[in-house]
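Asks: One predicted model, sequence on top.
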Amino acid sequence: IFTTIHALREQGLSCSEIEGRTGFRRHSVAKWLKSEVLPDRRRATLKPTSPWYFAEILAVSWKKGNRRGRQLFHEIQSQGYEGSYSHLQRLLAGWRRAEKQTSTDLVTSPARLEPVRDPQTGHAISPVIAAALCIKPRGTSAPDQARKVDALKAGSPGFATMRSLAMHFKGILRGRQSDPLDAWIDNAIESNIISIMRFACTLHRDIDAVRNAIELPWSNGQAEGQVNRLKTLKRAMYGRAGPELLRARMRHHRQTE
């Protein structure tokens, strides 16, 4: 990684451009560029709370092709791992980045991606339309929408992956079963699509609440709707939104009679 960052710098790339190419934060890139040689890294004494304590076990499973974070998590848990799943995911994310960098030539400039066009009209499909079609089931799509979905799948493998993940997640929500959620999070993180990876990591940070939202029949939607209504009324009456006026407008007209 250190060598790659310096090679990209020699090509004239800025820290921000290197950040976009490698995925490492700008301040880390700037810090590494200040050093001519790779600085030594001092590690603290490893404990069972760190996934690096089980690095050899993880490396053996990794070489065998086991790349699912949840399976690796259970494997080292049986060996005494006391840390969190998110801590393990940070380690695996570094391995995935390193593997991806060795399989692609980062020194060469990236090819410019051409927009996907509607095969019938020849017009470029906008990102807004693509985002809407990404979560629209084929059964409810109009013929022109289905045509655009097919074109996007053929022209953008990333769109095909994202649509598959979105449809699967939608099925989990409607099925009211949270059991497939762990596998979905692993697949989302392994997709290497930044937005999906961030969403999956956010889900995992509050996994208990997400499971409850999927399985339990209760919802705070009514409360959130009333809060949103109150904020809308307050903004509409900017400068005049006193408690009495807000109360009068929030309450139903029959309650005020």
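Replies: Here it is on my side, so go on.
Asks: From now on I want contacts and neighbour counts done on CA atoms only, so please keep to that.
Replies: OK.
Asks: which residues touch stretch 176-193?
Replies: Contacts to stretch 176-193, defined as C-alpha atoms under 8 Å, 6 or more residues apart in numbering, come from residues 68-70, 158, 161-162, 165, 168-169, 172, 196-198, 200-201, 203-204, 211, 214-215.
Asks: Just the endpoints, please. Distance across it?
Replies: Counting by C-alpha to C-alpha, to the nearest Å, you get 26 Å between the two ends of stretch 176-193.
Asks: Which positions in it come out as buried?
Replies: The neighbour-count criterion (16 or more other C-alpha atoms under 10 Å) identifies 178, 181-182, 184-190, 192 as the buried residues of stretch 176-193.
Asks: hey, where'd the helices end up in the stretch 101-250 of the chain?
Replies: With DSSP state H, counting those that start in this stretch as the definition, the stretch 101-250 of the chain shows helices at residue ranges 127-134, 143-155, 157-175, 181-190, 194-205, 207-215, 221-236, 243-250.
Asks: so the second one versus helix 127-134, what angle?
Replies: Read that as helix 143-155. Here helix 143-155 points in a direction 100 degrees away from that of helix 127-134 (axes from the mean of the first three to the mean of the last three C-alpha atoms, to 10 degrees).
Asks: Helix 143-155 - what's its average pLDDT?
Replies: Helix 143-155 shows a mean pLDDT of 86.
Asks: just checking, what packs against that helix?
Replies: Packing contacts for helix 143-155, counted by 3 or more C-alpha pairs under 8 Å, 6 or more residues apart in numbering; DSSP states H and E, involve helix 127-134, helix 157-175.
Asks: Low-confidence bits of the stretch 101-250 of the chain, can you list those?
Replies: For the stretch 101-250 of the chain, the stretches flagged by pLDDT under 70 are 101-113, 241.
Asks: that older thread, rebuild the helices and strands packed on helix 143-155 as TSV, extending it with mean neighbour count.
Replies: Compiled in TSV, the helices and strands packed on helix 143-155 are given as follows (neighbours: other C-alpha atoms under 10 Å):
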stretch	mean neighbour count
helix 127-134	14
helix 157-175	16
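Asks: Let's have those helices in TSV, adding distance to Ile76.
Replies: Output for those, formatted as TSV (distance: least, C-alpha to C-alpha, whole Å):
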stretch	distance to Ile76
helix 127-134	36
helix 157-175	27
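Asks: Quick check: Pro127 vs Leu133, distance?
Replies: Separation of Pro127 from Leu133 (C-alpha to C-alpha): 10 Å.
Asks: should've said Arg174
Replies: Arg174 sits 19 Å away from Leu133, taking C-alpha to C-alpha as the criterion.
Asks: To Arg90, which of the helices and strands packed on helix 143-155 lies closest?
Replies: With respect to Arg90, and counting by C-alpha to C-alpha, the nearest of the helices and strands packed on helix 143-155 is helix 157-175 at 21.3 Å.
Asks: Give me the angle between the closest one and helix 143-155.
Replies: Using the same axes, to 10 degrees, helix 157-175 lies at 120 degrees relative to helix 143-155.
Asks: Give me the angle between helix 157-175 and helix 194-205.
Replies: On the basis of the same axes, to 10 degrees, helix 157-175 is oriented at 30 degrees to helix 194-205.
Asks: elements contacting helix 157-175?
Replies: For helix 157-175, the elements it packs on are helix 127-134, helix 143-155, helix 181-190, judged by 3+ C-alpha pairs under 8 Å, 6+ apart.
Asks: one step back: can you tell me which of the helices and strands packed on helix 143-155 is nearest to Lys64?
Replies: helix 157-175 (24.4 Å).
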